[in-house]
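Peer 1: The following comprises the amino acid sequence and a computationally predicted model.
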Amino acid sequence: MADVSVRLVVNGEEKQANVEPRRTLADFLREDCRLTGTHLGCEHGVCGACTVLVDGAAVRSCLMFAVQANGAEVTTVEGISRPDGELNRVQEAFREAHGLQCGFCTPGFVVSVTAFLRDHPSPSDQEIKEALSGNLCRCTGYQGIINAVRLAAGANS
Amino acid sequence: MTVTAGARFVGQRVARREDIRFLTGRGRYVDDIELPRILHVAFARSHVARGRIVTVDTSEAQALPGVKAIYVAGDLASLVHNHTVDDEPHGRDRPFRLFADGDVRYVGEPIAMVVAENRYQAEDAVDAIAIDIASDEPVLDPESALNADAPLVHPGTSSNVYIDIPSVDNPALDEVLASAPVVLTETFRQHRHATVPMETRGILASWDPLRDELTVWISTQGPHGVRAQMARVLGIDDSQVHVIMPDVGGAFGLKMHPRPEELATVVVTKLLGQPVKWIQDRRENLMADEQARHDQATVTMAADEAGTLLGAKVDFLEVGGAFPSPGGSAAVFTTLLFPGPYRLPAFGTSARTVHTNTPGRGAYRGPWMIETVVREQMIDCLAARLGVDPLELRRRNAIREEDLPYTMATGLAYDQMTGYATLEQAAEKIGYEALREQQRAWRADGRLVGIGICLLAEPTAMSFGWMTSDAATVRIAQNGQVTVAHSGASHGQSLETTIAQVVADELGVELDQVRVVQGDTDATPLGAGTGGSRSAVILGGAARGASREVRDRMVAIVAHQLEASPDDLVVGGGRVHVAGTPTRGMTIGEIATQAYTMPAMLPPGAPLGLEAQSRYAPESFCTWSNACHICVCEIDPATGAVEILRYVVSEDCGVMVNPNVVEGQIAGGVVQGIGGVLYEHMPYDDVGNPLATTFVDYLLPTATEVPEIEYGHIETPAPTNPGGHKGLGEGGAIAAPPAIVNAIADALLPLGVKVRSQPLGPADIVALIEAASP
């Protein structure tokens, strides 16, 4: 099938490319945009490591084709830090609460939690756990991650 | 000489320095690395567990766009000069082959390797390869694999037994088992797990024909071992191989050694003269990579009426799969470790590892842990038989301070063992007596709440063969900056932070002054990498040794300059100065400048520069840590769902370098154990097809399934290493399964249910309840 032209805004910068229709958004971000912070942990939509924001909504970029994001604004983990490069409060909270070990799942958690706290600034513990349940971590046992979200939410109030 | 660092970092909850790049998406894992002209690999794999390959037709696939080459066994196998790893326990006796050749021995075994310009094209070509296999009856069940008429997993061998450790005559034990007032025999089974780090395996290999050199970027736990192995594979010198371990997204034992796919990638980059990358996908990881657990054991245990253990006999059977990893069989360790933290005067054991037509067994976090699982289940069975509380039975038999040093019936010795102390700490933390009281009330109300205990002795930092030692080089540059290059291979263990904590304390400098380098065979000393809960103990010892040597040199230089006695000098705050007179001294930068550039200023005979390397091996075969886990769970009898209400861990890993890291290791291990008992299961159908090849089927725990883990720490410094550290990386994953199984068994006790096998998912529990119902 012929390549298709796509134009999207990635982390505030316009990006135009010709891609195969079957090219996933994740591969487009990693290979065409060289934004390798978006990780692939399963490529079937369960682990959440590839989570990015598409027009503000947290989505799994392994389950979406680049052509489906045509015209959208995409934010990856690289675009989530503060403009000066300092950690934002979610990232800071993950660091403070030891919410990461090997770091491979971390970008997906950071993106998911950023979207979650934007929509739920004062979540209950149950809401936090449910919000995190779409992302898999194999190192931390989630203890530090849950604490990080509590910490980041506390900074909201 | 005194060291008074401005801040003492060891023991503090220091935030990790590696976090910043991971949190911002700037980590660099193997798949993130690009080179010009990279080719991508995908494998065509067997869809049959056991059978004869009739045809492999690659003609259509060869013609597809972007396909550079397709290889089958006959093309590559003879190019592998030697596949073995360093100090391999079973060497060339370990069954190995690069790809299936003539027959297939498990579903997922590689048959053909496609090399193409991108991964999409490589996978298209895999789909276009036509493979015809005449299937035979596979060997799946470990017990029937032992039958004399069982089909052979490896044709031409005499049986399916891979490792056989027979029992030895032990008349004293026989006498105990024949005469003891209470003798119980039970068989326990544990199911097959996958090993699933969030980052799968991956390798980028690049042969440079002009330099005659191979460069490998690989997701590994030990780059130096990879270097030596890949040199043997190609039949070249180690000096022609450069291995770089980038950031690695977890391993849990899976990445101790490369597998055939990685060996083939190295062979092919040399054939083609282009960089070649293989990134395993999750389906390959679940279907075809090393798997774990899948053991059983028959335990006979004897006690007197008071519950004092008199002796035990255990026969282990572990499933090795078709091609076990180099360290995949844990049979030796299971037989050595069963007595655990208890006084057990008489013991006899035997073990076998058996081949089946399934993926090979690997060394997953605590590979020998079946010994703890069955011992702790058996203690609870014994408690039930005697009518003694399980905590009380453990109290009566746990090794106490006054028993030390204690030599197990298997010959291993404890210089230290605070198992009893952790038992009491965990019991107090969870409020054991009150909890039992509460449980009686719950039971009266019909609620199925259970309490399970595991008492663990964890052999860490096992020091043997290639795993014997680690090394570190400490260098202070002219500006006073410290660089530590070490042989470890942190892939989540936080060594970039914890080794800096250790070195900063030894040198009396700030943490920010210490840079930690690992994972590059051209830049770091030789060593086994990270695995087997070794780094704090062995690498920590090396880092301390190198730091102390550099420190002694600094002190000698300053003493010479100031005409002071070294004993009157203080190291700290980034300076070496006279005690009580901080102005009389030199900064580390000043000392370093002299050491590198002013030979005449140095003490006579002093070496130039400020750099030292130290290699360290522990004084004993292993460094024991210990822990007690107590789990409280509730079971919904209608659905079989298990909810963990409380989970307490009391552990003693000696001096903690960083309590955050210690608790992180415990939590990660415990949750892997929760997953293992309740959710994770790699089942096969009756022709050997794996039935859990996605994360939709192979269920990992998520944040909603985990309890808040409560920690208690006891810090008894290890006498056998300079920092007083003991490892603990595997204990969580070893002790959690028996604690959870025992809690479930305790919850189901009023229903007359006996729990002797795992997994314990909802359907399993409902089936147990129904089977026990009158």
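Peer 2: Happy to help now that I have it.

Peer 1: now the helices: where do they sit in chain A?
Peer 2: Here chain A has its helices, by DSSP state H, at A:25-27, A:89-96, A:106-119, A:125-132, A:143-156.

Peer 1: ignore the last one, the stretch 551-700 of chain B
Peer 2: Taking DSSP state H, counting those that start in this stretch as the criterion, the stretch 551-700 of chain B contains helices spanning B:588-597, B:659-678.

Peer 1: Could you point out which of those helices sits nearest residue B:302?
Peer 2: Nearest to residue B:302, of all the helices of the stretch 551-700 of chain B, is helix B:659-678, at 27.8 Å by C-beta to C-beta. (C-beta placed from N, C-alpha, C; glycine too.)

Peer 1: Just want the phi and psi numbers for the closest residue to chain B within chain A.
Peer 2: Closest approach between chain A and chain B, counting by C-beta to the nearest C-beta: residue A:37, at 1.9 Å. The phi/psi pair for residue A:37 (degrees, to the nearest 10) reads phi -70, psi -20.

Peer 1: What sits closest to it if chain neighbours are left out?
Peer 2: For residue A:37, ignoring the flanking residues on the chain, the nearest one in space by C-beta to C-beta, 6 or more residues apart in numbering or on different chains is residue B:25 at 1.9 Å.

Peer 1: OK, contacts around residue 95?
Peer 2: No chain specified, so I'll use chain A. Residues near residue A:95 by C-beta atoms under 8 Å, 6 or more residues apart in numbering or on different chains: A:87, B:15, B:16, B:19, B:20, B:23.

Peer 1: hm, I was asking about chain B
Peer 2: Counting by C-beta under 8 Å, 6+ apart, residue B:95 touches B:154, B:162, B:322, B:323, B:324, B:355.

Peer 1: switch the cut-off to 6 Å
Peer 2: B:154, B:323 (C-beta atoms under 6 Å, 6 or more residues apart in numbering or on different chains).

Peer 1: how far away is it from residue B:155?
Peer 2: Per C-beta to C-beta, to the nearest Å, residue B:95 is found 11 Å from residue B:155.

Peer 1: got it, and residue B:689?
Peer 2: According to C-beta to C-beta, residue B:689 stands 21 Å off from residue B:155.

Peer 1: Please apply the same query to residue B:362.
Peer 2: On the measure of C-beta to C-beta, residue B:362 and residue B:155 end up 24 Å apart.

Peer 1: More neighbours: which of the two?
Peer 2: Per other C-beta atoms under 10 Å in any protein chain shown, whichever of residue B:362 and residue B:155 has more neighbours is residue B:362, with 25 against 10.

Peer 1: ok, and the closest non-adjacent residue to that one?
Peer 2: Spatially, and ignoring its direct neighbours in sequence, residue B:362 is nearest to residue B:290 (2.7 Å; C-beta to C-beta, 6+ apart).

Peer 1: got it, and residue B:277?
Peer 2: Nearest-residue entry for residue B:277: residue B:204, 4.5 Å, with adjacent residues in sequence omitted and distances by C-beta to C-beta, 6+ apart.

Peer 1: so which helix or strand takes in the closest residue to chain A within the stretch 151-300 of chain B?
Peer 2: Across the stretch 151-300 of chain B, the shortest distance to chain A (C-beta to the nearest C-beta) belongs to residue B:249, at 2.8 Å. Assessed by DSSP states H and E, residue B:249 sits outside every helix and strand.

Peer 1: How about the contacts made by it?
Peer 2: Residue B:249 touches A:102, A:104, B:29, B:197, B:198, B:199, counting by C-beta under 6 Å, 6+ apart.

Peer 1: do residue B:435 as well
Peer 2: Contacts of residue B:435 (C-beta under 6 Å, 6+ apart): none.

Peer 1: what does the one 3 residues further on give?
Peer 2: By C-beta under 6 Å, 6+ apart, the contact set of residue B:438 is empty.

Peer 1: For residue B:428, see how far away it is.
Peer 2: According to C-beta to C-beta, residue B:438 and residue B:428 sit 16 Å apart.

Peer 1: And for residue B:398?
Peer 2: Distance, residue B:398 to residue B:428, using C-beta to C-beta: 15 Å.

Peer 1: Looking at the two, which is more packed in?
Peer 2: Shown here are residue B:398 and residue B:428; by other C-beta under 10 Å, residue B:398 has more neighbours (24 against 13).

Peer 1: which regions of the chain lie under the pLDDT threshold?
Peer 2: You didn't pick a chain, so chain A it is. Applying pLDDT under 70 to chain A picks out residues A:155-157.

Peer 1: Chain B was what I was after
Peer 2: By pLDDT under 70, the weakly predicted segments of chain B are B:1-7, B:90-92.

Peer 1: What residues does it have near chain A?
Peer 2: Counting by C-beta under 6 Å from any C-beta of the partner chain, the residues of chain B close to chain A are B:15, B:19, B:22-25, B:27, B:32, B:197-199, B:249-250, B:281-282, B:491-492, B:660, B:664, B:667-668, B:670-671, B:694-695, B:700, B:702-704, B:706, B:709.

Peer 1: What subset of the residues you listed is buried?
Peer 2: The neighbour-count test (16 or more other C-beta atoms under 10 Å in any protein chain shown) marks B:15, B:19, B:22-25, B:27, B:32, B:197-199, B:249-250, B:281-282, B:491-492, B:660, B:664, B:667-668, B:670-671, B:695, B:700, B:702-703, B:706, B:709 as buried among the residues of chain B next to chain A.

Peer 1: Just the ones of those residues in strands?
Peer 2: In this view, those that belong to strands under DSSP state E are residue B:709.

Peer 1: tell me the phi and psi of residue A:99?
Peer 2: phi -90, psi 20.

Peer 1: isn't it right up against residue A:144?
Peer 2: Yes. Using C-beta atoms under 6 Å, residue A:99 is in contact with residue A:144, at 3.9 Å.

Peer 1: and those two? which has more neighbours close in?
Peer 2: Taking neighbours as other C-beta under 10 Å, residue A:99 and residue A:144 compare with residue A:99 leading, 29 against 26.

Peer 1: Let me see the contact set for the more buried one.
Peer 2: Neighbouring residues of residue A:99 by C-beta under 6 Å, 6+ apart: A:144, A:145, A:148.

Peer 1: can I get those in CSV with distance to residue B:140?
Peer 2: Output for the contacts of residue A:99, formatted as CSV (distance: C-beta to C-beta, whole Å):
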residue, distance to residue B:140
A:144, 40
A:145, 38
A:148, 43
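
Peer 1: Where do the domain boundaries of chain B fall?
Peer 2: Per automatic domain parsing, the domain ranges recorded for chain B read B:2-26+B:469-616, B:46-136, B:201-280, B:291-463+B:620-772.

Peer 1: Quick one: those as TSV, columns for distance to residue A:123 too.
Peer 2: Below are the domains of chain B laid out as TSV (distance: least, C-beta to C-beta, whole Å):
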stretch	distance to residue A:123
domain B:2-26+B:469-616	20
domain B:46-136	38
domain B:201-280	27
domain B:291-463+B:620-772	12
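
Peer 1: Could I get the CA-only coordinates of stretch B:260-268 as PDB?
Peer 2: C-alpha atoms of stretch B:260-268 as PDB (Å, rounded to 0.1, in the frame of the first residue of the first chain):
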ATOM      1  CA  PRO B 260      20.800 -18.600  20.400                       C
ATOM      2  CA  GLU B 261      19.000 -15.700  18.900                       C
ATOM      3  CA  GLU B 262      21.700 -13.300  20.200                       C
ATOM      4  CA  LEU B 263      24.500 -15.700  19.200                       C
ATOM      5  CA  ALA B 264      23.100 -15.900  15.700                       C
ATOM      6  CA  THR B 265      22.900 -12.100  15.500                       C
ATOM      7  CA  VAL B 266      26.600 -11.900  16.200                       C
ATOM      8  CA  VAL B 267      27.400 -14.500  13.600                       C
ATOM      9  CA  VAL B 268      25.300 -12.700  11.000                       C
END
